[in-house]
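Chemist: Sequence plus predicted model, see below.
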Amino acid sequence: MKAHWKVGIVYDSSQKSKGHHGTHFAFTGLPGVEIVLADPNLEVIAARMQAIGAARRYADYREMLVVEAPDVVVVCSRLPADHFPVIRAAAERGCHLFCEKPLTDSLAEADAIAGLAERHRIKIAVAHLARHARVFRTMKRLIGLGEIGRPLTFYGRGKEDERGGGEDLVVLGTHILDIGLYLFGMPEYVFADNNRFAAWDLLQAVEEENRQPQASVHDAVHVLEMIYGIYASSLFRRGIPLPLVDRTHPLG
């Protein structure tokens, strides 16, 4: 391994964006590493440089690339739209890269980034850190050896906070899908519309004379009964037997 690595951190600390993941500390304390920082935010800059271990600081990452010619550039922004310009500028100067996840929110950009790595013969790593966790590395080894059987199902969940839907899928789903890729390889296809399962089940139930759909109208009635019963129990401070005799809404 090289005796000396110069690492350039691109880190605009004025971006709050739900805080930071510590990507700017990734190389701090590693042997043989010299760190320089590109951060336009002057607020408590001396303390930040000291914490990161940066020897020098630049307001613009492009100046840092020209003056310092780092071996590795770290892209720290949590906003995926920020990544491509920095990656392209660094790659064109032959810098290897470590990038915060998600790599980008554009498949066209992702393809372009992979092309930059091939064209400039550089290595680009993404902060999908679960791949380095001992629990998942052990799991992958055991799956490969066949010691825990053949996995049939893989479940993953995001944080399910206010970043729901597409944002949760891109920002947090990138970790879950990547660890699935690490453990099981590239899937043959993806399928995301659970309504199709219910629709197909209805068509089958119509043709089967003695079967109701899996999620039938009768089940929906029972669920609504339970909801009414919960309201009534909260009002009257007692258990409410089912099925309900009084079918009116407890709240009037």
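Modeler: It's in.
Chemist: so when I look at Ile35, I'm seeing a strand, right?
Modeler: Yes. Assigned with DSSP: H, G, I helix; E, B strand; the rest coil, Ile35 falls within a strand.
Chemist: ok, it to Gly8 distance?
Modeler: Distance from Ile35 to Gly8, counting by CB to CB, to the nearest Å: 8 Å. Placement of C-beta: from N, CA and C, glycine included.
Chemist: So for those two, which sits in the more crowded spot?
Modeler: Gly8 (30 against 24; other CB atoms under 10 Å).
Chemist: before we move on, what SS does that one have?
Modeler: strand.
Chemist: which ones are touching it?
Modeler: Contact partners of Gly8, counting by CB atoms under 8 Å, 6 or more residues apart in numbering, are 35-38, 61, 64-65, 68, 70, 72-74, 90, 95.
Chemist: And Asp82, by the same measure?
Modeler: Val75.
Chemist: let's go with 10 Å and repeat that
Modeler: Neighbouring residues of Asp82 by CB atoms under 10 Å, 6 or more residues apart in numbering: Val10, Asp12, Gln15, Ser17, Val75, Cys76, Glu100, Thr104.
Chemist: Now tell me which helix or strand of the protein has the poorest mean pLDDT.
Modeler: helix 165-171 (a mean of 76; mean pLDDT, DSSP states H and E).
Chemist: from the contacts of Gly8, which single one is nearest Ala215?
Modeler: Val74 (48.6 Å; CB to CB).
Chemist: what's the neighbour count on that closest one?
Modeler: Neighbourhood size, Val74 [other CB under 10 Å]: 29.
Chemist: The one 4 residues further on too?
Modeler: A count of neighbours around Arg78, defined by other CB under 10 Å, yields 18.
Chemist: and Ala91, how far is that from Thr104?
Modeler: The value you get for Ala91 to Thr104, if CB to CB is used, is 13 Å.
Chemist: joint contacts of these two?
Modeler: With contacts defined as CB under 10 Å, 6+ apart, the residues shared by Ala91 and Thr104 are Ala112, Ile113.
Chemist: What are the contacting residues of stretch 197-216?
Modeler: Phe191, Asp193, His218, Asp219, His222, Val223.
Chemist: can you redo those as TSV with neighbour count?
Modeler: Shown next, in TSV, are those (neighbours: other CB atoms under 10 Å):
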residue	neighbour count
Phe191	8
Asp193	8
His218	10
Asp219	12
His222	13
Val223	11
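Chemist: from those residues, which single one is nearest Gln50?
Modeler: Closest to Gln50, out of all of the contacts of stretch 197-216 and judged by CB to CB, is Phe191, at 50.4 Å.
Chemist: so what's Leu30 closest to, chain neighbours aside?
Modeler: Nearest non-adjacent residue to Leu30, counting by CB to CB, 6 or more residues apart in numbering: Trp5, 7.8 Å away.
Chemist: got the residue ranges for the strands in the stretch 51-200 of the chain?
Modeler: Using DSSP state E, counting those that start in this stretch, the strands of the stretch 51-200 of the chain run over 54-58, 72-75, 96-99, 124-126.
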